[in-house]
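S.K.: here is my input, please return the structure:
(2 chains)
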Amino acid sequence: MLQLQKIRENRDQIIERLAVKNFKATALVDEIIELDNTRRNSQKELDDILALSNQLAKEIGNHYAKGEQGKAELAKQESLKLKAAAKAIEPLLMETVELLNAKLIELPNLPHTSVPNGKTPEDNEIIYEEGVMPRLPENAVPHWDLASTYKIVDFELGNKVTGAGFPFYRGKGARLQRALINFFLDEAIEAGYTEYQPPLLVNAASGYGTGQLPDKEGQMYFAPEDNLYLIPTAEVPLTNIYRDVIVKENDFPIKNVAYSNCFRREAGSYGKDVRGLNRLHQFDKVEIVQIQHPDKSYQTLEEMKEHVAGLLRKLELPFRILRLCGGDMSFTSALTYDFEVFSAAQNRWLEVSSVSNFEDFQANRMKLRFKDKEGKTRLAHTLNGSALALPRVVAALLENNQSAEGIKIPDALTNYTGFKFID
RNA sequence: GGAGAGUUGGCAGAGUGGUCGAUUGCGGCGGUCUUGAAAACCGUUGACCCGCAAGGGUCCGGGGGUUCGAAUCCCUCAUUCUCCGCCA
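M.R.: As a prediction, the model looks like this:
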């Protein structure tokens, strides 16, 4: 959520910036400013009445103490009038505040100045590319075929037991998953992150804090009996640790990492995008989160980008980095880098990571703040990134490393898997 | 799931209808003393809203109510602890 004060002060720039996200903000921004004016006026009016009322209440106390019943009764009558006046304003004020908040959360985060204009993924800017394109054998096949040949991922079994998008991993497939999770976690710990095991279900306040609610409600699984949401990413619990927290400035940077299952309804997805491991309802991901001082968050974003690049390098996967265009960015992000690996048998680039700086957008929703050197309370910046999401990494590993001997496991992983080939 | 007791500032812990945003202790910060430090002593120490400021308002788990006035009384939800039941 954008800061109200900034909206008031920079109306025109905000409208202009949001146009990069193809968001027409003029009407909404003006409405917000108008509502805020109404709110301030009502608030002032109410505060004045309450001030008088408080004063009267004290006087009544004094009258009673002195035994002046008559004066007390008179003051009481006066006080009742004030109370009635306050009662008249209160619902109006509450209504205004609610409406104002509802409008405020409709505004997306401002894109960073480096964000390219654009509407679709085609407009994303490729800023980096690395790795050797694998040369595949003639009879190379996509990962879903390899999965059944080597009996390492069973999609049909998942269909039977749960439904589409919930595969079983089996044998070396399951061990490869476990190896990747441990590898990613160890790399993050090595880079100074603290490991967490978060809850997989969160309450509405947490979903709201990181921005999944209210607008992406339909993407999350929901347990209505208990009013809990299954997390679409560990970002939600991991960032919400700091909801309503005022951290110390010298705690920065706060670096946390968590492995979790992620659950996404993926309503509206179809076709080749959802084939095999390309898009699942339940998948595994290691997520890194940082809470940082506003002056240093972009430096941190670069550091996180390098961390993710390092992982892909060690896995020997060809990858590229995109700077997302305004139209493809998330609602909450100010700048996002997507990482894509090349999955040779499908001949496609697959997104395996998304690294974002949210600046103070999530922090404002969450009231995540810090005290600066002058003792002023300010909003912190939040960042996160996948490091990494497993299924598409597995897809690329299987496809790119296939040969007549089986599937070769990259050297960085063999200590974790305990085997060098899937055969 | 049942019964009972709690939830107060960074922490501990008073306060059971009026001058309480809240006694006190610890911790934090500043100072005196000291070559330096410790100890001791003195001072200071929450968040939010409106306002240039002076000042005003809100917040004692969340929400609602009673009252001229609520941390204090009532209702409700959440949560913690103890006991019982069930259970990986």
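
S.K.: since we're on whatever residue of the stretch 101-250 of chain A ends up closest to RNA strand B, how many residues are nearby?
M.R.: Proximity of the stretch 101-250 of chain A to RNA strand B (C-beta to the nearest atom of the strand) peaks at residue A:246, 6.2 Å away. C-beta: built from backbone N, CA, C; applies to glycine. Other residues near residue A:246 come to 13 when the count uses other C-beta atoms under 10 Å.

S.K.: does it touch residue A:375 like I think?
M.R.: No. Using C-beta atoms under 8 Å, residue A:246 makes no contact with residue A:375, being 11.5 Å away.

S.K.: and the residue lying closest to residue A:123 once chain neighbours are set aside, how close does it get to residue A:128?
M.R.: In space, and not counting its chain neighbours, residue A:123 is closest to residue A:325: 4.0 Å by C-beta to C-beta, 6 or more residues apart in numbering. Counting by C-beta to C-beta, to the nearest Å, the gap from residue A:325 to residue A:128 is 16 Å.

S.K.: okay, these two: which has more neighbours?
M.R.: Taking other C-beta under 10 Å, residue A:325 and residue A:128 do not tie; residue A:325 has more neighbours (23 against 13).

S.K.: which residues sit in contact with the more buried one?
M.R.: Neighbouring residues of residue A:325 by C-beta atoms under 8 Å, 6 or more residues apart in numbering: A:115-120, A:123-125.

S.K.: so how far is residue A:127 from it?
M.R.: In terms of C-beta to C-beta, residue A:325 sits 12 Å off from residue A:127.

S.K.: and the lengthiest helix in chain A, how far from the chain's centre?
M.R.: Criterion DSSP state H: the longest helix present in chain A is helix A:26-66. Relative to its chain's centre, helix A:26-66 lies at 37 Å (C-alpha atoms, centre = their mean, to the nearest Å).

S.K.: now stretch A:312-329: buried residues?
M.R.: A:312, A:315-329 (16 or more other C-beta atoms under 10 Å).

S.K.: ends of it, how far apart?
M.R.: 22 Å (C-alpha to C-alpha, to the nearest Å).

S.K.: and the average pLDDT for that stretch is what?
M.R.: On average, the pLDDT along stretch A:312-329 is 96.

S.K.: distance of residue A:86 relative to residue A:59?
M.R.: As defined by C-beta to C-beta, residue A:86 lies at a distance of 17 Å from residue A:59.

S.K.: before we move on, the earlier item: and which of the contacts of residue A:325 is nearest residue A:289?
M.R.: residue A:115 (21.4 Å; C-beta to C-beta).
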